[in-house]
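Peer 1: for reference, the sequence and a predicted model appear below.
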Amino acid sequence: MQFNNRINECAKTADGRTIWLSRSIAVVGVVVVIQDDGQGYILMNKRGPGCPDEIGKWVLPCGYLDWDESCEDACRREIWEETDLDVTSLYESALFNSFEVNQPFHVKSKPSSDKKQNVSMYYGLVANVKELPVISSVNCEPGEVDELAWVKVQDFDELDIGFSHRDIVGYFFDNVWSD
C-alpha cells in the first residue's frame, strides 16, 4: 500500500522527554439562543491581538483539546474561557444539544492546505431563553478576545468571519438544526 502521509516529527526536551509534533484536535462550539419573540442569536467573539492568526475576525468559541480532557469538556471549557458562559446552565431549555449526547454534529479531518491541518470537532447547542445570557471575557488569556457579542442570526453574514466558521454555521442551520 502507498499513503500520502508525512511522518510526525518528534522533539526531545531538556529533561529527556519526547514530544511528538503532530496535528492537533480543535473544538468549536456553535451556541444559538432563541428569545421568546423568536429572535435567534449566535455567540461570537472577535479575535484579539494576542491570537496567532485571524486577528480582528469574528469566530465561534474555539480552542484546543488539553491533556486528559474529552472533546465535549474541551468545548465547554473553551466557551467558558472565551465568554464566561457555562453552557450547562442552558441545558434545561435546550432544543438541540450535541454536548448532551457527547457527539459532535460535524468532524473535519481532511487535511487542507493551511499549515495547522487541525482535526476539528464541532458541537452545538440551541436553547430557548427569556433574556440573552451575560457574557464576558474575564476568563480569557490577555489579548485573546477583543469583543464578544450575541449576533442576530440575520446579521451574521455581515461580519468578517475567521477560519471556516461561516461555512460551519451554514452547515449547522442547513443540515443539523432548523426551527
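Peer 2: It's in.
Peer 1: ranges for the helices of this protein?
Peer 2: Here the chain has its helices, by DSSP state H, at 71-83, 165-171.
Peer 1: could you dump the longest one to CSV, C-alpha only?
Peer 2: I take that to be helix 71-83. Extracted C-alpha coordinates of helix 71-83, given in CSV (Å, rounded to 0.1, in the frame of the first residue of the first chain):
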residue,chain,number,x,y,z
CYS,A,71,-13.6,16.9,23.3
GLU,A,72,-17.0,17.7,24.9
ASP,A,73,-15.3,19.0,28.0
ALA,A,74,-12.8,21.0,26.0
CYS,A,75,-15.6,22.7,24.1
ARG,A,76,-17.4,23.6,27.3
ARG,A,77,-14.2,24.9,28.7
GLU,A,78,-13.3,27.0,25.6
ILE,A,79,-16.8,28.5,25.6
TRP,A,80,-16.4,29.4,29.3
GLU,A,81,-12.9,30.7,28.9
GLU,A,82,-13.7,33.0,26.0
THR,A,83,-17.2,34.1,27.0
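Peer 1: find the nearest non-adjacent residue to the residue nearest the centre of the chain, please.
Peer 2: Taking C-alpha atoms, centre = their mean, the centroid of the chain lies closest to residue 28, which sits 2.0 Å from it. Nearest non-adjacent residue to residue 28, counting by C-beta to C-beta, 6 or more residues apart in numbering: residue 62, 4.3 Å away. For glycine as for every other residue, the C-beta is placed from the backbone atoms N, C-alpha and C.
Peer 1: list the contacts for the one you found?
Peer 2: Under the criterion of C-beta atoms under 8 Å, 6 or more residues apart in numbering, the neighbours of residue 62 are 26-29, 78, 163, 165.
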